[in-house]
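# Would you be able to build a 3D model of this:
(one chain, ligands or ions: 1)
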Amino acid sequence: MGITFLEKEKVFRLDTPNTSYYMGISDDKYLGHIYYGKKLKETNIRYLLREQEAPFVPSVNGRDKLSYMDCFPMEYPTHGVGDFREDAIAVRTKGGHTALELHYKGHEIIKGKPMPEGLPATFGGEDDCETLKVYLQDEVLSLEVVLSYSVFKDADAIARDVKVINHGEEEIFLTKVYSACMDMDNKDFELLTLHGSWARERHIQRNPVGCGFQGVSSVRGESSHQHHPFVALLSKGATDDCGEVYSMHFVYSGNFSGLVYRGQFDNVRMMMGINPEDFCWKLEKEEAFQAPEVVMTYSGEGLGAMTRAHHDLYRKHLIRSPYKDCKRPILINNWEATYFDFNTEKLIAIAKEASRLGIEMLVMDDGWFGNRFDDNRALGDWFVNEEKIKGGLKYLVDEVNKLGMKFGIWFEPEMISPDSDLYRAHPDWAIAVPGREAGLCRCQYVLDLTRKEIVDYVFDRMCAVLESANVEYVKWDMNRQLADLGSMNLPADRMGELSHRYVLAVYDLQERLLQRFPNLLLENCSGGGARFDPGMLYYSPQIWCSDDTDAIERLKIQEGTALIYPLSSMGAHVSDCPNHTVGRVTPFETRGYVALAGTFGYELDVTKIPEKDRNMIPKQVAMYHKYYPLVNAGDYYRLASYQENGLRDAYMVVSKDKKEALLTYVQVMMRPNCHSVIMRLKGLDAEKKYKVYRFNIESGEEEEMMPEALYGDTLMQAGLRIENPWGDFRAMLISLREV
Ligand code: GLA
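Numbering: from 1, shown residues only. Predicted coordinates:
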């Protein structure tokens, strides 16, 4: 780890355990990008800063400044002064001008990592983290831009953010402020992104990078089901195990834009930040704007190494809950079990049976408050409905606690139904444009959280509920997107701040909740997985992956999610069949193996499922306890992708010391006349010998798959023979232990 500045050459060097990042200050004081890649021995590579390469006359303030600006690999390109590629920052002055030019002013290298105020971000102490701050300035506007870069001793990642300060006399409008940008030569790059929809989140997509713009974005007020705030550039043909991968992941939960621009000189610019659409932030004299953080990684060993860098970084430097390193309770959620049709009696009946089977927490989902008999009403009325919850919340929670179970509850704090007491009292609390009827979605409006009194109201209501009984878990949901952007609170010249202020308010609310209830286990959720992002992970160690609980659909969702998120963060439950979303019937055993790739739980009525399935629950519970340490902390390796091959899915988790490993294999489709597959394993120690076992869910025992122990080398190079089970949707767990 380390950050150095070569005074004479004017070059910054940032090292992570296996990578180096270089920037240089040009003779004309522009900050340029030089290199990001495998760690180098060489310290001075200033010769690579493309200072003299403009297509025409390479003189900055002479004849051809514009051609210079249009090809220099600018570390943080600005709008309106000749760099006609996508820029990272843009402003509008009081006089209506938009030109902005940044020159190097100074820098600072500090131990540790200052946290951006009011925003989630990776963290690190003075012993394991170092930060570079580069101060840039536009002399004409007296605008200061601070670029921050942090490196970690134990993770191959760089965390970047940007702060803009107006030192000028006049107000200035920030109309765009990306958090990261990087220029590179094109290496026949392919762009990897995650796309989806409700019940189909984070499917992996990969396309060649053509000339022009490509990317992902959201203007929905949340990170969204549709696109994920993540982009990766892969050298052509890169696989899980080889090739180069550059990634950017946004630690933010609102509108974003992740872009790749391939330009005329076959260079590629990669960027990530707040979506400039609808964004405009007014900076009065000496006011500052803090842009959220982007995590960047480089891997010279394919996607797998990128994945493991993200997992390690997030586990060590982003998730901060007391539950971070401890086992999460196995929960049962009543949503798919009862939907809105429940009462105290039903919940206690479920809890009784669940506790008998070894389940550790009951989560009461939507429908416990106000007049919430269906999803057309009552959001905002956070008062327990005692007609349904007879005896009150405390009685219910105490009864559940008596069974030895914890209790959790669902909230959708950001919403208001038109049919609610809250809306009748405060119709102006919803986000809306005056004179225009706001659009409904799931029959609800969004609360205007830019108003402090509304945030306080929601906070107080949540606290009142949480303090009234021993509630140890909250599922925080968000079931619609933002539209009709208008706030009574904001003047016309600050209306463009609404979406970002909204996200800051959500962060503030979650932070306040965690301060008040430090041991609370928070699980974020948004119509399934529409707000599964690193921003949310800072507040909640687990996030609900998707409303689609079908084991087969989950393979794709979980593969895409696990590409960048540790398994310990992925909410995954066993549900009933036919699956409520896709109608598919899969073996109960398979549903358990698939849910093991996340925070394990159930989403069904244990009192109603077939006896055979119910009897398997204690066995699955034991399986979860047995393999939890490995799944939670191990290194993740993908062996086969159902999304790619249409037949089977397989991944491994290997302990850090490589003494044990777990392979999950799902045969999605049986292929006739094909008796076995040979899987080349990954991540083992070539020199260690391993015994291979197949886990038997019925006995809870691991059974030898073959009498002899094999070298890791053999298992990785020659492979393991797996006999194909008979039938579709069949799965198995294979465990490996060093002998
Ligand atoms: C969303 C969530 C579900 C459930 C319902 C309740 O769709 O993703 O898990 O909580 O809301 O309305």
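
# Tell me the helices and strands packed up against the helix or strand where Ala464 lies.
Ala464 is located in helix 452-467, with elements delineated by DSSP states H and E. For helix 452-467, the packing partners by 3 or more C-beta pairs under 8 Å, 6 or more residues apart in numbering; DSSP states H and E come out as strand 406-411, helix 498-516. All C-beta atoms are positioned from the backbone trio N, CA, C, and that covers glycine.

# Of all the ones you listed, which one is nearest the ligand?
Across these, the ligand has its closest neighbour in strand 406-411 (5.6 Å, C-beta to the nearest ligand atom).

# Report the mean per-residue pLDDT for the very next helix or strand once past that closest one.
Per DSSP H and E, strand 406-411 leads on to strand 415-416 as the next helix or strand towards the C-terminus. Averaged across strand 415-416, the pLDDT comes to 98.

# How many neighbouring residues does the closest residue to Ser575 other than its chain neighbours have?
Spatial nearest neighbour of Ser575, chain neighbours left out: Thr549 (3.8 Å); criterion: C-beta to C-beta, 6 or more residues apart in numbering. Neighbour count of Thr549, defined by other C-beta atoms under 10 Å: 30.

# now the one 4 residues further on
As a burial measure, Glu553 scores 19 neighbours (other C-beta under 10 Å).

# cool, and the one 5 residues further on?
Under the neighbour criterion other C-beta under 10 Å, Gln558 is assigned a count of 25.

# pLDDT wise, what is Arg63 at?
At Arg63, pLDDT is 68.

# buried sites along stretch 183-194?
183-184, 186-187, 189-194 (16 or more other C-beta atoms under 10 Å).

# So which bits of this protein are right by the ligand?
335, 365-366, 375, 410, 477, 479, 525, 527-528, 544, 547 (C-beta under 6 Å from any ligand atom).

# what packs against the helix or strand containing Thr590?
If you go by DSSP H and E, Thr590 is part of helix 588-595. Where contact means 3+ C-beta pairs under 8 Å, 6+ apart, helix 588-595 is packed against helix 551-562, strand 570-575, helix 611-633, strand 660-667, strand 730-738.

# and the residue of the stretch 51-200 of the chain found nearest the ligand, which of the three is it?
The nearest approach of the stretch 51-200 of the chain to the ligand comes at Trp198, 8.3 Å away (C-beta to the nearest ligand atom). The assignment at Trp198 comes out as coil when based on DSSP: H, G, I helix; E, B strand; the rest coil.

# what pairs with Ile109 across the strands?
Residues in a beta bridge with Ile109, per DSSP bridges, are Leu132.

# Next one, pLDDT for it please.
Value for Ile109, per-residue pLDDT: 98.

# what does Val465 give?
So, for Val465, pLDDT stands at 98.

# what about it, how many residues close to it?
Neighbour tally, Val465, other C-beta under 10 Å: 19.

# With the one 4 residues further on instead?
As a burial measure, the neighbour count of Ala469 was computed by other C-beta under 10 Å and equals 19.

# For the ligand, see how far away it is.
Taking C-beta to the nearest ligand atom, to the nearest Å as the measure, Ala469 falls 20 Å from the ligand.

# How about that residue, nearest residue that isn't a chain neighbour?
Val397 (3.9 Å).

# quick one on the thing from earlier: so of the buried residues of stretch 183-194, which ones are in strands?
183-184, 190-194 (DSSP state E).

# What segments of the protein are helices?
65-69, 302-317, 335-338, 344-357, 392-402, 421-425, 452-467, 498-516, 534-539, 551-562, 588-595, 611-633, 642-645, 712-717 (DSSP state H).

# what's next to the last one, contact-wise?
Just to be clear, that refers to helix 712-717. Outside helix 712-717, the residues within contact range by C-beta atoms under 8 Å, 6 or more residues apart in numbering are 658, 680-682, 684-690, 692, 736.

# In contact with the closest residue to Phe340 other than its chain neighbours, which residues?
Distances taken as C-beta to C-beta, 6+ apart place Gly367 nearest to Phe340, at 4.1 Å, with adjacent residues excluded. By C-beta under 8 Å, 6+ apart, the residues touching Gly367 are 339-340, 342, 373, 388.

# Of the helices of the chain, give the one that comes closest to Val384.
Nearest to Val384, of all the helices of the chain, is helix 392-402, at 4.8 Å by C-beta to C-beta.

# In the closest one, which residues are buried?
Buried, per 16+ other C-beta under 10 Å, within helix 392-402: 393, 396-397, 399-401.

# and which of these is nearest Asp448?
Leu393 (28.1 Å).

# Against Glu399, how distant is the closest one?
Here Leu393 is placed at a distance of 11 Å from Glu399 (C-beta to C-beta, to the nearest Å).

# for Pro587, what are its contacts?
Neighbours of Pro587 in contact, by C-beta under 8 Å, 6+ apart: 729-731.

# That one and Ala572, how far apart?
For Pro587, the distance to Ala572 - C-beta to C-beta - is 16 Å.

# Please apply the same query to Val245.
In this view, Val245 and Ala572 are 26 Å apart by C-beta to C-beta.

# swap in Glu701?
Glu701 is 24 Å from Ala572, by C-beta to C-beta.

# Run a quick neighbour tally on the residue in the stretch 301-450 of the chain that the ligand sits nearest to.
Residue nearest to the ligand within the stretch 301-450 of the chain (C-beta to the nearest ligand atom): Asp366, separated by 3.5 Å. Counted with other C-beta under 10 Å, the neighbours of Asp366 add up to 20.

# mind checking pLDDT for it?
For Asp366, pLDDT reads 98.

# how about it, what does it touch?
335, 339-340, 372, 375, 410, 412, 477.

# mind redoing it with 10 Å?
Neighbouring residues of Asp366 by C-beta atoms under 10 Å, 6 or more residues apart in numbering: 334-335, 339-340, 372, 374-375, 378-379, 410-412, 475, 477, 479.

# Is it possible to mark the buried ones in these?
Applying 16+ other C-beta under 10 Å to the contacts of Asp366 flags 334-335, 372, 375, 378-379, 410-412, 475, 477, 479 as buried.

# Please identify which pair of those residues lies farthest apart.
So, the buried ones among the contacts of Asp366 by C-beta to C-beta: farthest apart are Asn334 and Leu379, at 18.2 Å.

# ok, back up a step: check whether the residue of the stretch 51-200 of the chain closest to the ligand really touches His225, as I assumed.
Yes: judged on C-beta atoms under 10 Å, Trp198 makes contact with His225 at a distance of 5.3 Å.

# what about these two, which has more around it?
Counting neighbours by other C-beta under 10 Å for Trp198 and for His225 shows that His225 has the greater number, 26 against 17.

# any idea how far the spatially most central residue of the chain lies from the ligand?
What sits nearest the mean C-alpha location of the chain, by C-alpha atoms, centre = their mean, is Asp533, with 2.5 Å. The spacing between Asp533 and the ligand, counted by C-beta to the nearest ligand atom, is 15 Å.

# Overlap in contacts, Trp198 and His225.
With C-beta under 10 Å, 6+ apart, Trp198 and His225 have common neighbours 526-530, 546-547.
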